[in-house]
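Student: What follows is a predicted protein model with its sequence.
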Amino acid sequence: MRELTLIHLYPDLMNLYGDRGNIVTLKRRCEWRGIQLNVVPVSLGDPFDADRADIVFIGGGQDYEQAILQDDALTKKRDDILRAVESDVVFLAICGGYQLLGSHYLTGEGKRIECLGALDVCTEAGRKRLIGNLIFDCPFLPEENRKVIGFENHSGMTFRGPSVNPLGRVLYGHGNTGSDGTEGALYRNVIGSYSHGSLLPKNPALADFLLERALLRRYPAGERLSPLPDELERKAREGLLKRFLHTS
């Protein structure tokens, strides 16, 4: 049996708007294919083992929770997280977790808060809250599943540097800044996104993309993922796309 390990960073602090549902989705889609996904919670004071990780997930959190974990992340886990990123461990980081992977966060008062520096992105506090349903076109997914559906709720505006590609192009909603037309970030095997909701239950093709990347890294000569029917997911997606994009 193939086996993967998912490290859930700060599950007790970073879990807004159903973000934990992303892990449930990955675990279930592995089970249906006979793959064992071990979920290891890692929080304050716990070591982060970059060699053990196949997938790392960090959800969203409010400023209060992010302030609590900042010292632990930067002083006890930073080097290992950076090593994991550069060795192509798969990451999914949502909202506050996405911001944490960047270089810094600039508050409305002009205070610079240092972040992990794993992604060439930075975030500035905005005056307007960007909230609502979010749909974006994700070019690396199969044509029939390129439209990714999520829900965003953030006031931070995230700007990408030259080494980071956008995760997708906004079709409905706000995305990274509310004005540049992009959503999220893609660097090596790291995905950062403002999509809560949860993201992966609504977008099984994106979940399988992450699993494929993790399996290819762990088992380079292994078999590809077997397809799943996803009939209920397809119908739910069609309804949402019709509602927000007025597609037929």
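Tutor: Cool, the structure landed.

Student: Output the below-cut-off pLDDT ranges for the chain.
Tutor: 247-248 (pLDDT under 70).

Student: what about the strands in it?
Tutor: 3-9, 36-42, 55-58, 90-94, 104-106, 112-114, 121-137, 147-160, 168-172, 182-183, 185-187, 190-193 (DSSP state E).

Student: Pull out the buried positions in stretch 56-76.
Tutor: 56-61, 65-66, 69-70, 72-74 (16 or more other C-beta atoms under 10 Å). To be clear about C-beta, it is placed using only N, CA and C from the backbone, and glycine gets the same treatment.

Student: Need the distance between the two termini of that stretch.
Tutor: End-to-end distance for stretch 56-76: 16 Å, by C-alpha to C-alpha, to the nearest Å.

Student: And for stretch 62-80?
Tutor: Span of stretch 62-80 from end to end, C-alpha to C-alpha: 24 Å.

Student: can you check stretch 163-177 too?
Tutor: 18 Å.

Student: what's the answer for stretch 137-145, then?
Tutor: 9 Å.

Student: quick one: buried residues of it?
Tutor: Those would be C138, L141, N145, for stretch 137-145 by 16+ other C-beta under 10 Å.

Student: so of the strands of the chain, which one's packed in deepest?
Tutor: strand 90-94 (a mean of 28; mean count of other C-beta atoms under 10 Å).

Student: Let's have the buried residues of stretch 137-145 in JSON lines, adding distance to P201.
Tutor: Conversion of those to JSON lines gives the following (distance: C-beta to C-beta, whole Å):
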{"residue": "C138", "distance to P201": "16"}
{"residue": "L141", "distance to P201": "16"}
{"residue": "N145", "distance to P201": "14"}
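
Student: ok, these vs T158, which is closest?
Tutor: C138 (16.8 Å; C-beta to C-beta).

Student: Could you check how far that closest one is from I81?
Tutor: Separation of C138 from I81 (C-beta to C-beta, to the nearest Å) stands at 24 Å.

Student: List the contacts of the closest residue to F91 other than its chain neighbours.
Tutor: Leaving aside its chain neighbours, F91 sits nearest to V190 (4.1 Å; criterion: C-beta to C-beta, 6 or more residues apart in numbering). Taking C-beta atoms under 8 Å, 6 or more residues apart in numbering, we find V190 in contact with V85, V90, F91, A93, L101, A118, L119.

Student: How about F159: what's its closest non-neighbour residue?
Tutor: C122 (5.7 Å).

Student: ok, that neighbour - contacts?
Tutor: G102, S103, H104, Y105, L106, T158, F159, G161.
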